[in-house]
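> Based on what follows, work out the 3D shape:
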Amino acid sequence: MSITSISSASVTGTAESSLSQLSDDYETFLNLLVAQIQNQDPLEPLDATEFISQIATLTQVEQTVNTNSQLEQLRSTLALTASMSEATLIGRTVTVPASAVELDATGTPVTFSYEIEGEASSATAIISDADGNVLRLIEDLPGTAGVLNEVSWDGLDDSGTLLPAGIYTISMAAQDATGGYNTYIRDRVASVSYVGGEQLLNLENGLEASSGEIVKIE
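Model (predicted):
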């Protein structure tokens, strides 16, 4: 089981830097204020209202930075909790959106699914290579809208030749359909990563997906 570590230091660094700078500014402000009081003109003494206003403003800024620090710590905690929760998916088989499938060297049949938004009289699965060349058409598939339909591809092209191992693109053509479609694959979750504030599921076939994309867990 593999989970990329999460450090709260990277999340709270900004607030800590701001607090440090504010502390320095606060000391400077007090030193200037004492000097101003000591050297004020007796005929034009320091305005007490302005003095209190300056203190109040600096205090509000300090409270705001402290609040931001607490919010950043909370965000870090929530992110870690979410990552640990998704770790329970490791070893489980999930169905996620994908536009490609992987054919292994043994020629084991590959399965994928599709869902059509609008009703169609029939659907066709299209298997293409990395250059966009169509290698196989799987025709007469169900055109029922809103249903996850499974397709099994034997790894052969239209001439019956077994294709070499690799990644192949899958797409759909739906006759008389209104709306688009989505294609999905089933694969086992190998690990969970935390990258750029987002949790990613690393699948055994090398692809990545977010937990929000999962449509089925087995």
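> Just confirm residue 212 is within a strand.
No - Residue 212 is assigned helix when assessed by DSSP: H, G, I helix; E, B strand; the rest coil, not a strand.
> residue boundaries of the strands in the protein?
Using DSSP state E, the strands of the chain run over 93-97, 100-103, 110-116, 122-128, 134-141, 149-153, 166-175, 181-195, 198-203, 208-209, 216-217.
> and residue 38, how many neighbours?
Neighbourhood size, residue 38 [other CB atoms under 10 Å]: 7. All C-beta spots, glycine's among them, are computed from the backbone N, C-alpha and C.
> for residue 108, same thing?
Residues near residue 108, counting by other CB under 10 Å: 10.
> Report the contact partners of it.
Neighbour list for residue 108: residue 155 [criterion: CB atoms under 8 Å, 6 or more residues apart in numbering].
> My guess is residue 134 contacts residue 124. True?
No - if you go by CB atoms under 8 Å, residue 134 and residue 124 don't touch, sitting 10.6 Å apart.
> okay, these two: which has more neighbours?
Set residue 134 next to residue 124 and count neighbours by other CB under 10 Å: residue 124 wins out with 16 against 13.
> Show the pLDDT at the more buried one.
pLDDT for residue 124: 93.
> residue contacts, it?
137-141, 172-175.
> try it again with 10 Å
137-141, 143, 171-175 (CB atoms under 10 Å, 6 or more residues apart in numbering).
> again with residue 102
Residue 102 neighbours (CB under 10 Å, 6+ apart): 110, 165-168, 185, 187, 203-207.
> low pLDDT regions in the protein?
Low-confidence segments of the chain (pLDDT under 70): 1-34, 36-37, 40-52, 54-59, 61-62, 64-66, 68-85, 197.
> Can you give me the domain boundaries for it?
Per the record, the chain has its domains at 9-89, 93-217, by automatic domain parsing.
> Identify the residue spatially nearest to residue 150, adjacent ones excluded.
residue 113 (5.0 Å; CB to CB, 6 or more residues apart in numbering).
> of all the contacts of residue 124, which comes closest to residue 130?
residue 171 (13.4 Å; CB to CB).
> My read is that the closest one contacts residue 126, right?
Yes - between residue 171 and residue 126 a contact is recorded at 4.7 Å, counting by CB atoms under 10 Å.
> Return every residue with contacts to both of these two.
Both residue 171 and residue 126 are in contact with residue 134, where contact means CB under 10 Å, 6+ apart.
> Near the residue nearest to residue 150, how many residues? Count them for me, please.
Going by other CB under 10 Å, the residues that sit close to residue 113 add up to 20.
> Please name the bridge partners of it.
Taking DSSP bridges as the rule, residue 113 bridges to residue 150, residue 184.
> Now that it has come up, it's in contact with residue 153, right?
No - if you go by CB under 10 Å, residue 113 and residue 153 don't touch, sitting 11.8 Å apart.
> Relative to residue 67, how far out is the residue nearest to residue 150?
47 Å (CB to CB, to the nearest Å).
> Over to residue 194?
From residue 194 to residue 67 the distance is 25 Å (CB to CB).
> Comparing those two, which shows the higher neighbour count?
The residue with more neighbours, out of residue 194 and residue 67, is residue 194; 17 against 11, by other CB under 10 Å.
> Go ahead and confirm the more buried one touches residue 200.
Yes - counting by CB under 10 Å, residue 200 is a contact partner of residue 194 at 7.7 Å.
> Same list, the contacts of residue 102, but as CSV with neighbour count and distance to residue 147 please.
Shown next, in CSV, are the contacts of residue 102 (neighbours: other CB atoms under 10 Å; distance: CB to CB, whole Å):
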residue, neighbour count, distance to residue 147
110, 18, 20
165, 13, 31
166, 13, 30
167, 13, 27
168, 19, 24
185, 22, 17
187, 19, 21
203, 21, 24
204, 12, 27
205, 15, 25
206, 10, 29
207, 16, 24
